[in-house]
Structure formats: structure tokens, C-alpha cells
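Novice: Predicted model and sequence below, questions to follow.
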Amino acid sequence: MTLQPGTRVRLKGDPSSIGVITDKPPLERAGRTFIEIELPAGRRTVPLIELENVPEIADALTDFTIGKLSGPDDLRRALTHMRMTGKLADIIYSIGATNTEFHA
């Protein structure tokens, strides 16, 4: 993993927590390297081993297959894509376009 300031990273234990590496130099404590990252909630210093690079465009399905969970927007986008490109696309389009009401 690159340690350049400005590199987008996320926490392995919470992949929806995405931040960028700050320009503060890494710290060495007890044989572990700690990196300061800027998260939406503020700056946080975390062990390097708990970080991973973030792909430019998050793919919720790929993350899910390797046991990672992306943010809810990424998952919604992937599910919508699957629905629209799958076998049910014609049904979904027609129901949505005609405002069909089903009665027993």
C-alpha cells in the first residue's frame, strides 16, 4: 500500500469509513506503524495493518464476495444495475412506466 499523503484508504473493519492519508509522518509504536487519516468525522491515527486502498469506483458486489461491505449508496447502485440488466428488466420497466395497479 502506498503511504503518500492524499491516498484514499478505508478501514478493513469498517469499509464504509473512507478517508485520506494526511501529510503527518507515520509513527512507529511497539513495532507497529500508525498512519493519520482524515475521515469525515475528523482525523484519526490507526495502525497501517487496519487500512486498505480504496478503488476509484467502489463495487459493492466485488466487496461483498470478498467479505467487505461498501456504503449503502454503492450497494443500491449495484442492486439497481442488476435489476435493470437482468431477466426482469422488461417487467420492471413496464410496471414503473405504466403505474400498473394489481387487484385480486
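Specialist: Happy to help now that I have it. Numbers count the residues shown, from 1 in each chain.
Novice: so how far is the longest helix seen in the chain from its chain's centroid?
Specialist: When the chain is parsed with DSSP state H, its longest helix is helix 72-85. Put simply, helix 72-85 sits 13 Å off its chain's centre (Cα atoms, centre = their mean, to the nearest Å).
Novice: Then stretch 9-18?
Specialist: On Cα atoms, centre = their mean, the centre of stretch 9-18 falls 7 Å from the chain's centre.
Novice: Pull out the buried positions in it.
Specialist: Residues of stretch 9-18 classed as buried by neighbour count (16 or more other Cβ atoms under 10 Å): 9-11, 15-18. Glycine gets a C-beta too; all of them are placed from N, C-alpha and C.
Novice: related to what we said a few turns ago, which parts of the longest helix of the chain are buried?
Specialist: So, applying 16+ other Cβ under 10 Å, buried residues of helix 72-85: 74-75, 77-78.
Novice: re earlier: determine which two of the buried residues of stretch 9-18 are furthest apart.
Specialist: Val9 and Ser16 (12.8 Å; Cβ to Cβ).
Novice: okay, the buried residues of helix 72-85 in TSV with pLDDT and distance to Gly31 next?
Specialist: What follows is the buried residues of helix 72-85, written out as TSV (pLDDT from 0 to 100; distance: Cβ to Cβ, whole Å):
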residue	pLDDT	distance to Gly31
Asp74	70	35
Leu75	71	37
Arg77	74	40
Ala78	71	39
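Novice: how about those, which pair is most distant?
Specialist: Applying Cβ to Cβ across these, the maximum distance is between Leu75 and Arg77, 7.3 Å.
Novice: Tell me which other helices or strands the longest helix of the chain touches.
Specialist: Here helix 72-85 touches helix 60-65, helix 89-98, going by 3 or more Cβ pairs under 8 Å, 6 or more residues apart in numbering; DSSP states H and E.
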